[in-house]
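In: Whatever this is, show me its structure:
(3 chains)
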Amino acid sequence: MVNKLFLIMAVIGVPLSIAGSLFHFPTILMFVVYCLTIIALAGFMGRATESLAILAGERIGGLLNATFGNAVELIISIFALKAGLVGVVLASLTGSVIGNLLLVAGLSFFVGGLKYKRQEFNVYDARHNSGLLVFAVIVAFVIPEVFSQGMEEAQKISLSTGISIILIILYLAALFFKLVTHRGVYQHKADAGNDHEEEAEWSMGKAFAALLISTVAVAYVSEKLVHTFEEVAETFGWSELFIGIIIVAIVGNAAEHASAIIMAYKNKMGVAVEIAVGSTLQVAMFVAPVLVLVSLFFPTPMPLVFTMSELISMVTAVLLTIAISNDGDTNWFEGATLLAAYTIMGIGFYLL
Amino acid sequence: MVNKLFLIMAVIGVPLSIAGSLFHFPTILMFVVYCLTIIALAGFMGRATESLAILAGERIGGLLNATFGNAVELIISIFALKAGLVGVVLASLTGSVIGNLLLVAGLSFFVGGLKYKRQEFNVYDARHNSGLLVFAVIVAFVIPEVFSQGMEEAQKISLSTGISIILIILYLAALFFKLVTHRGVYQHKADAGNDHEEEAEWSMGKAFAALLISTVAVAYVSEKLVHTFEEVAETFGWSELFIGIIIVAIVGNAAEHASAIIMAYKNKMGVAVEIAVGSTLQVAMFVAPVLVLVSLFFPTPMPLVFTMSELISMVTAVLLTIAISNDGDTNWFEGATLLAAYTIMGIGFYLL
Amino acid sequence: MVNKLFLIMAVIGVPLSIAGSLFHFPTILMFVVYCLTIIALAGFMGRATESLAILAGERIGGLLNATFGNAVELIISIFALKAGLVGVVLASLTGSVIGNLLLVAGLSFFVGGLKYKRQEFNVYDARHNSGLLVFAVIVAFVIPEVFSQGMEEAQKISLSTGISIILIILYLAALFFKLVTHRGVYQHKADAGNDHEEEAEWSMGKAFAALLISTVAVAYVSEKLVHTFEEVAETFGWSELFIGIIIVAIVGNAAEHASAIIMAYKNKMGVAVEIAVGSTLQVAMFVAPVLVLVSLFFPTPMPLVFTMSELISMVTAVLLTIAISNDGDTNWFEGATLLAAYTIMGIGFYLL
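Out: Below you'll find the model as predicted:
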């Protein structure tokens, strides 16, 4: 049913996006159209990636998921970087991190917790992820912030470039660890066997075609979307920061949000957590450093230096996530705590 | 015996307080009298609340404890706010948080550890509390500090008000979780049955009367106390900050301090930890936000923005508490570590 | 074999150091000679201490290890303080902390993990150490940084002195806890019996003589080394900070680094972690405060106030170590994560 809705949205949304930009429809209207179209197209990309991942086997499939999982966000951000909107891109990275850790995980825990008194997930995965969250957000994002205070622009970019390369290498190492050297080593008993029944929804050809077409369409619409930000910000009295943190992050991750919550409701809390935390790690260890490297080819390079508000939001979100998820057990109240933290940050960014 | 002492102190202290303020006794003397009188009255309030809680049943009893547990501090702070002493109130909130986490828990672990080699408490509770400590202190207190750097006064107050409302809602949700939806779900085997033997010390009428009378008396004496701060600070060369952080926090929490240590000595470490950490959460998630909201009706509203020294003291106290208590096991050395941290902060605030 | 190499290095290095300083050999050459000589001499001091520790029995042996374990670093630092190089000393303390936590532990986990899929160590020790790491680095180092922002120089020194005394007392208390009141209480089953087969390599007399002679030699060479820093920094375009953080820290700890990695390769991960984290705690709770107290007798006293970059590096290193080691289980990827963090900080300090 959701799939049908997405199909209709895409079939209407893409031509409407083209028409709108040709005939100069009102910007605010087009902003909404672009957002909805991207959400629908992201749904297709997700389904195509999933089918390809199943057909390609676990290892290459894992790699595919790890690369295309946040493709939409990557594409929107590249167009924003091209338009010189460095601040918006950093804000949307922040929005993705706190959105995944607090909003997606929070809703999953809360909704799942309304149905089940206690839900469990693999505590080994949680601890493995804790280490990576601390590494990516608390080491790799905090260090350039503090060190760059006394640096010139060129040194900032050198430091950011160096850190980005290390982040990408460690991200690949994490995949190698998970898919090759330690596959199944830390498997939870309850999880075992879960993956076997999966069957690809689409054939290889169909999935490949869908991925190609929707990626091109997302790229087209993203470029249009990026150019509406300024007017939308003015009209609603929002800062571009707020658009980046709340709107772009939600649009770029809507499809994942939906599936995490559905998984939680089906008591597959391990999958829900994997989506939320895995997506965070992908943004922090892959999307962010790739954007830093890509930006070197644009007129305004992007240093890995967030505003203090963005950085502290991400750091405290990580600490809260670890404090709450380290026991491998969730309930509605833990979800409510995460949602409360997200609301506090939302108010803060709105008032900023 | 302690009860008799408190009775004598109250019977002498209250009239003396009235006489002292009428006939202008020396301020320093009256400062001491006020402090001792409040400590004695707080003892009565604690006993009355406990009796009422037992008579009212677990749910309403839990609610009573959660509301009146820090009533003395709330009352002193309201009078301080009325007198415009915003800095003193924020300092005394800080003092309560670090006092409970480091001094009360530290003394409990240390004194209990002198008698027992290892003492255990419910590790589920410890983790539940860890999550809330991180939420309240590291998210809800840190965010306004960082975000308000670029804000005007009006926005600071909006942000503080929003955060305060969320804190109170989550505090109520935590009570609902503990007393209704998840009562006994995370019960420790060893704890079960502990609560059954309790009998109310006083009848409903007597407890209610005692609570009413001692609350009125505390209010009266608190107002007097607040007006001695300036002169005491001058006389001893202390800052008002130091008075707030060390003196007010100890006076406001003396009764709880005593019972936590007694419980530790009786090897009921779970109760001791519950008092120390529970009281911290009450201050951070109920007393502090209520004071922010109450202050909106006074000439000087209080934003939820601490000084950097106060904030960092609370944040590091929370991190140390979590690192030490997360294993559900205590000994004298863990107590010594907490006390050492308290001493370091005490020296810092004294020299500031 | 390593021992023979160290013997040759020392036998050549010490006379060469004397000759070099008499006849004014080129500074850069002598810098290298001094460094290698100290590494060799540190190896002797380590072997002598170990022999004495075994002969003296567990308690006094533990005390000996705890005092002489970082003697080389203490000696170099005292000469640097005497030469007024406060910044270099603080930097080398930072270098020791992040070097032990990230480089030594990282290499141990990584090298051990190449041979073994999973390696375990005593989780009780890990948690005990976590508490002390948070106390020493996150409380005792962060508090003076934040509080001293509004302080005059004299108050900074008072605060630093007070904190140093508390650190040393707690360090002694930790030894008392480990060696007297709680010896064996938290022993890991797998570890038990490991220590019994140890035999002293040297006799009491030989060990004592070796310790005395090599300490005197280290002191002599250290004084020479300290005076080469300025020219080395100029020649290579390094900051003195970088020399302190990377070079001094590696030279001062080379012997320990080697033995930790050898232990990890022999699957004695408990010993490897004990060396890495134990050495960190020794630096933070004993070497650093002793240096603060010693500096009171020199013209420029050293406050316990690091630069923000140093402090944040140590704090994030501690948080990463705790996130990674709290499960008592290591693998190559956890080692890679620690090494990646060390590299990021190394780039940062190089560019600073």
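
In: Stretch A:324-341 - what's its average pLDDT?
Out: Predicted confidence along stretch A:324-341 averages 91 (mean pLDDT).

In: swap that for stretch A:153-162, please
Out: In this model, stretch A:153-162 has an average pLDDT of 93.

In: And the contacts of it?
Out: Taking contacts as Cβ atoms under 8 Å, 6 or more residues apart in numbering or on different chains, the residues outside stretch A:153-162 that touch it are A:144, A:147-148, A:151, A:292-293, A:296, A:301-305, C:344, C:347-348, C:351. C-beta here means a position set from N, CA and C on the backbone, and glycine is covered the same way.

In: And stretch A:130-139, by the same measure?
Out: Residues external to stretch A:130-139 that are found in contact with it (Cβ under 8 Å, 6+ apart): A:97, A:167, A:170, A:174, A:277, A:280-281, A:284-285, A:314-315, A:318, A:321-322, A:325-326, C:316-317, C:319-320, C:323-324, C:334, C:337, C:340-341, C:344-345.

In: in what helix or strand does residue A:225 lie?
Out: Secondary-structure element containing residue A:225, defined by DSSP states H and E: helix A:204-226.

In: buried subset of the contacts of stretch A:153-162?
Out: The neighbour count (16 or more other Cβ atoms under 10 Å in any protein chain shown) marks A:144, A:147-148, A:151, A:292, A:301-305, C:344, C:347-348, C:351 as buried among the contacts of stretch A:153-162.

In: Quick check: of these, which lies closest to residue A:240?
Out: Sorting those by how near they are to residue A:240, with Cβ to Cβ, puts residue A:302 at the top with 14.6 Å.

In: Return the member of the buried ones among the contacts of stretch A:153-162 nearest to chain B.
Out: If you rank the buried ones among the contacts of stretch A:153-162 by distance to chain B using Cβ to the nearest Cβ, residue A:305 comes first, at 15.3 Å.

In: what's the span of stretch A:245-254, first residue to last?
Out: Terminal residues of stretch A:245-254 are spaced 14 Å apart (Cα to Cα, to the nearest Å).

In: Need the contact partners of that stretch.
Out: Residues external to stretch A:245-254 that are found in contact with it (Cβ under 8 Å, 6+ apart): A:35, A:38-39, A:42-43, A:70, A:72-73, A:76, A:88, A:91-92, A:94-96, A:98-100, A:104, A:257, A:279, A:310, A:346, A:349-350.

In: tell me which strands and helices whatever helix or strand residue A:30 lives in is in contact with?
Out: For residue A:30, the host element (DSSP H and E) is helix A:27-56. Using 3 or more Cβ pairs under 8 Å, 6 or more residues apart in numbering or on different chains; DSSP states H and E as the contact test, the elements touching helix A:27-56 are helix A:2-22, helix A:58-68, helix A:71-82, helix A:204-226, helix A:229-236, helix A:249-265.

In: Give me the buried positions along that helix.
Out: So, applying 16+ other Cβ under 10 Å, buried residues of helix A:27-56: A:27, A:30-31, A:33-56.

In: Return the helix or strand in chain A with minimum mean pLDDT.
Out: helix A:58-68 (a mean of 72; mean pLDDT, DSSP states H and E).

In: So which bits of the stretch 51-200 of chain A are right by chain C?
Out: For the stretch 51-200 of chain A, the contact set with chain C under Cβ under 8 Å from any Cβ of the partner chain comprises A:124, A:127, A:130-135, A:138-140, A:142-144, A:146-147, A:149-151, A:155, A:158-159, A:162-163, A:166, A:169-170, A:173-174, A:177, A:181-182, A:185.

In: Could you list which of those residues belong to helices?
Out: A:124, A:127, A:130-133, A:142-144, A:146-147, A:155, A:158-159, A:162-163, A:166, A:169-170, A:173-174 (DSSP state H).

In: Any chance of a PyMOL selection covering the buried ones in those residues?
Out: A single PyMOL command suffices to select whichever of these are buried according to 16+ other Cβ under 10 Å:
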select buried, chain A and resi 127+130+131+132+133+142+143+144+146+147+155+158+159+162+163+166+170+173+174
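
In: Give me the distance between residue A:261 and residue A:109.
Out: For residue A:261, the distance to residue A:109 equals 10 Å [Cβ to Cβ, to the nearest Å].

In: How about residue A:47?
Out: Here the criterion is Cβ to Cβ. By it, residue A:47 lies 25 Å from residue A:109.

In: for residue A:224, same thing?
Out: 36 Å.

In: and stretch A:263-277, does that touch chain C?
Out: No: Stretch A:263-277 is not in contact with chain C by Cβ under 8 Å from any Cβ; minimum separation 13.1 Å.

In: Now do that stretch, average pLDDT.
Out: According to the model, stretch A:263-277 has a mean pLDDT of 84.

In: got the residues of chain A near chain B?
Out: Taking Cβ under 8 Å from any Cβ as the criterion, the neighbours of chain B within chain A are A:117-118, A:308-309, A:312-313, A:316-317, A:319-320, A:323-324, A:326-327, A:331-334, A:336-337, A:340-341, A:343-345, A:347-349, A:351-352.

In: Pull out the buried residues from those.
Out: With burial judged by 16+ other Cβ under 10 Å, the buried subset of the residues of chain A next to chain B is A:309, A:312-313, A:316-317, A:319-320, A:323-324, A:326-327, A:331-334, A:336-337, A:340-341, A:343-345, A:347-349, A:351-352.

In: can I assume residue A:279 is in contact with residue A:69?
Out: Yes: the pair residue A:279 and residue A:69 qualifies as a contact (Cβ atoms under 8 Å) at a distance of 6.4 Å.

In: burial measure for residue A:125, as a count.
Out: The number of residues packed around residue A:125, counting by other Cβ atoms under 10 Å in any protein chain shown, is 21.

In: how near is residue A:59 to residue A:179?
Out: Counting by Cβ to Cβ, the separation of residue A:59 from residue A:179 is 5 Å.

In: Please read the previous query as pertaining to residue A:69.
Out: From residue A:69 over to residue A:179 (counting by Cβ to Cβ), the distance is 14 Å.

In: now residue A:306
Out: Shown here: residue A:306 relative to residue A:179, a distance of 31 Å by Cβ to Cβ.

In: Between those two, which is the more surrounded one?
Out: Between residue A:306 and residue A:179, residue A:306 has the larger neighbour count (other Cβ under 10 Å), namely 22 against 16.

In: show me what contacts the closest residue in space to that one that isn't next to it in sequence?
Out: Once flanking residues are discounted, residue A:306 sits nearest to residue A:90: 5.3 Å by Cβ to Cβ, 6 or more residues apart in numbering or on different chains. The neighbours of residue A:90, taking Cβ under 8 Å, 6+ apart as the test, are A:244, A:302, A:305-307, A:310.
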